[in-house]
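Enquirer: next input, structure requested:
(chains A and B)
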2 protein chains.
Amino acid sequence: MRQSQLFPKTSRQAPAGAIAENHKLLVRAGFIDQLMAGSWTLLPLGWRVIFKINQVIREELNKTGAQEILMPLMHPKEIWNETGRWEKASGVMYKLKDTREKEFALSFTHEEIILDLVRKHLQSVADLPIKLYHFSTKFRNEPRATGGILRGREFLMKDLYSLHATEEDFWNYYEEVTRAYLTIFARLGLKAIITEAAGGVFTENRTREFQILAAVGEDIIYYDPKTKKGVNKEVFDENKKNFVEAHAIEAGNIFPFGTYYSDKMGVYYTDKDGKKKPVWFGSYGIGTTRLLGVLAEVFHDDRGLIWPEIVAPFKYHLIAASGQQLAASKAEEIYKKLSKSGAEVLYDDRDTSMGQKFADADLIGIPHRLVVSDKTGDKVEIKQRSGNKTELISPEELLD
Amino acid sequence: MRQSQLFPKTSRQAPAGAIAENHKLLVRAGFIDQLMAGSWTLLPLGWRVIFKINQVIREELNKTGAQEILMPLMHPKEIWNETGRWEKASGVMYKLKDTREKEFALSFTHEEIILDLVRKHLQSVADLPIKLYHFSTKFRNEPRATGGILRGREFLMKDLYSLHATEEDFWNYYEEVTRAYLTIFARLGLKAIITEAAGGVFTENRTREFQILAAVGEDIIYYDPKTKKGVNKEVFDENKKNFVEAHAIEAGNIFPFGTYYSDKMGVYYTDKDGKKKPVWFGSYGIGTTRLLGVLAEVFHDDRGLIWPEIVAPFKYHLIAASGQQLAASKAEEIYKKLSKSGAEVLYDDRDTSMGQKFADADLIGIPHRLVVSDKTGDKVEIKQRSGNKTELISPEELLD
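Expert: You can find the predicted model right below:
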């Protein structure tokens, strides 16, 4: 893509009141734009990162046999009443009435909706296990919606739900998803610490949070540096141990529900002896817009963002030296060749100073910066955003 | 994917009260599931089709220089008040209050939201044109939500918005998007008729609808069979001509707004002479879940769905002859090889009768059916869903 056409331009100024680095940098570099408190538009650069995060998650979940679907966001009151969460989760749910006075909730999660879906189709034990996920919008009436894109009132989440005939099969899959989550975070370049925590409006069981250590983290966790396993404050207070205190951002969360919800909603299957039995049920979330913020918090320096290659909005940032006609036509040629080969290139074709071009490249944080100037001759100067060393290579080597 | 694991099973029974073929077939074949009137879950098969429809649209819009973003679904009242649509569109908008009595609307469209986004970033004429689109959810308080997935209260749409410095540039792009839409529909195997229509709560200008002729179509259009151009009833009544009457489903719609909205919202740029000028603005929609329904209406027979290859949920439906051990192990081998080569295969590995397997293959409508049995020897029987002829080919030919 030509940078002259990219929407919007970068900005020198961080938004008023921004404290968190992800907030300042993602807004200045043009990845996100705030509609209102806790509500963000993903701009072209930001959406490209989310798209790639989703693809990594999709690949790893598909390996566990999970199937992708898409569930609605507006839900009838009746279904939420079946588990008592219409009242119990009132603090966090947005509710509305239509012109016929029918009441609805906006999706703050989808346990009730998936169970309603499954009970319509579930017959025998042969139909289990069922593993379904979607990438979708969540709405939560958060009292404090600060920290940039880390805590939104409307945000994107991947949520996976699994249903099993037996307790053993459930716990096996729970461990399999735990491993898939660690793989996902590792592929994104993030070190996740599994933390035992309380389940809030979701469950009375202990849940597992996946915490990324970062200065901006709003949760305090306590973890064992050797095992890399941790607990949250509530669990720590109960059984104090020699844990290290750290600030960690929660990036994922998995919940074991047992048969609690399926009993309430009558999600039964018929076993081999003709008996009706409730299914074992779990849910598994990863906040994908939150991950965009986490990545910005973990991967930046004082000049801007530094994207890991796997989720970078573009792979190459090609810059033509300002005011040099020959360099511009060489850059144009390289841009066309690279694009044709399928490489993702942001091409800075703007009529602006080199200082501005370099500052924007550092701010946006694309992994490989390419400069074409009269000085580079027939070659191209390549520099990694994460390093300082420059090298001259031929366009042919680049295309390889 | 193994059909034994696919959620959910097919059903012999159409849902009670279903009249439209897309409703009966998409539900029976397990593509969609109704949460409540006008609200559908896209099941694994249905989501795969939507994913592919989106990809075709994305490719054609990117060619016009449009950039993909994602905008929020919950909008503050203040922005909708700026154009008067908080009141004017009350019939169709869902509205809600949070616990602090702040008022919001759910997205029934995004004109006001994109204009608010752009006015924060637009400075000079050099920033124009701007062409942004997203794939996102729309909520419309429809009085009648019938016809299967054709008319929903919550549905998916691709909406594109474009902003231009001059009237000429705007109309050029309007024509370019018209051509892109015709390409999109043609790639999906659909013949679209461009129909002049009235703009409803969107604009007083004439708009262009893209109508697909189908028996279930709820709009009556009048069209010239030679030029393939049409008008809707309102426009027809004004200037009756020798048009043919037809039932057509609306699949896309494009709106020329001129400077009406940008004047109301103060979306100005500074021209070369330092003067402030309002931008020329248009919006362009395609209902993507509606397209799923349109495709089902157009491509089916009395046995089931017949997907065009480009959007089919899988390319091959591989069936192992029931009760034949050797055939099962051959099929298993072919399934693994095909999957490894990147081909999308639904493998019917179920322990059920051949009659059931064939009936399901016809109902689901995957383009190429492959049968492995003791009778096929070292070869595989291949049959197109759209035809009757069977052929024997070797697994090697298939892999080529």
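
Enquirer: what does the stretch 101-250 of chain A put close to chain B?
Expert: Residues of the stretch 101-250 of chain A lying close to chain B by Cβ under 8 Å from any Cβ of the partner chain are A:104, A:106, A:113, A:116-117, A:120-121, A:123, A:127, A:130, A:132, A:134, A:137, A:139, A:141, A:153-154, A:156. No exception for glycine: its C-beta is placed from N, CA and C like everyone else's.

Enquirer: send me the helix or strand where A:Lys383 lies as PDB with only the CA atoms.
Expert: According to DSSP states H and E, A:Lys383 maps onto strand A:380-384. These are the backbone C-alpha positions of strand A:380-384, laid out as PDB (Å, rounded to 0.1, in the frame of the first residue of the first chain):
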ATOM      1  CA  VAL A 380      18.700  -1.300  -1.100                       C
ATOM      2  CA  GLU A 381      19.500  -0.400   2.500                       C
ATOM      3  CA  ILE A 382      17.800  -2.800   4.900                       C
ATOM      4  CA  LYS A 383      17.400  -2.200   8.700                       C
ATOM      5  CA  GLN A 384      15.400  -4.100  11.300                       C
END
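
Enquirer: what's the average pLDDT for it?
Expert: Averaging pLDDT along strand A:380-384 gives 97.

Enquirer: thinking again about what came up before, can you flag which of the residues of the stretch 101-250 of chain A next to chain B belong to helices?
Expert: Using DSSP state H to define helices, the subset of these located there is A:113, A:116-117, A:120-121.

Enquirer: looking at those, which is nearest chain B?
Expert: A:His121 (3.7 Å; Cβ to the nearest Cβ).

Enquirer: quick one, helices of the stretch 51-200 of chain A?
Expert: A:77-81, A:85-88, A:111-121, A:167-187 (DSSP state H, counting those that start in this stretch).

Enquirer: what's the most buried one of those?
Expert: Here the criterion is mean neighbour count by mean count of other Cβ atoms under 10 Å in any protein chain shown, and of the helices of the stretch 51-200 of chain A the winner is helix A:111-121, at a mean of 21.

Enquirer: who's in contact with that one?
Expert: A:71-72, A:75, A:79-80, A:82-83, A:85, A:107, A:127, A:130, A:132, A:161, A:163, A:202, A:257, A:261-262, A:265-268, A:279, A:281, A:283, B:7-9, B:33, B:35, B:41 (Cβ atoms under 8 Å, 6 or more residues apart in numbering or on different chains).

Enquirer: any of these buried? List them.
Expert: Applying 16 or more other Cβ atoms under 10 Å in any protein chain shown to those, the neighbour count classes A:71-72, A:75, A:79-80, A:83, A:85, A:107, A:127, A:130, A:132, A:161, A:163, A:202, A:257, A:261-262, A:265, A:267-268, A:279, A:281, A:283, B:7-8, B:33, B:35, B:41 as buried.

Enquirer: tell me which of the helices of the stretch 51-200 of chain A sits nearest to B:Ile212.
Expert: helix A:111-121 (29.4 Å; Cβ to Cβ).

Enquirer: report the mean per-residue pLDDT for stretch A:40-48.
Expert: Here the average pLDDT along stretch A:40-48 is 98.

Enquirer: start to end distance for it?
Expert: 15 Å (Cα to Cα, to the nearest Å).

Enquirer: so it, near chain B or not?
Expert: Yes: counting by Cβ under 8 Å from any Cβ, chain B has neighbours in stretch A:40-48: A:40-44, A:46-48.

Enquirer: coming back round to it: tabulate the ones in helices among the residues of the stretch 101-250 of chain A next to chain B in a markdown table, adding columns for pLDDT.
Expert: Formatted as a markdown table, those follow (pLDDT from 0 to 100):
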| residue | pLDDT |
| --- | --- |
| A:Ile113 | 98 |
| A:Asp116 | 98 |
| A:Leu117 | 98 |
| A:Lys120 | 96 |
| A:His121 | 97 |
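
Enquirer: of those, closest to A:Arg350?
Expert: A:Ile113 (47.0 Å).

Enquirer: sheet-wise, list the partners of the lengthiest strand in chain A with their directions.
Expert: Taking DSSP state E as the criterion, chain A has its longest strand at strand A:244-258. Strand A:244-258 pairs in its sheet with strand A:207-213 (antiparallel), strand A:219-224 (antiparallel), strand A:280-287 (antiparallel), by DSSP bridges.

Enquirer: helix or strand right after it?
Expert: Under the assignment DSSP H and E, the closest C-terminal helix or strand after strand A:244-258 is helix A:260-265.

Enquirer: next helix or strand past that following helix?
Expert: strand A:268-270.

Enquirer: so which elements touch that next one?
Expert: Applying 3 or more Cβ pairs under 8 Å, 6 or more residues apart in numbering or on different chains; DSSP states H and E, we find strand A:268-270 packed against strand A:276-278.
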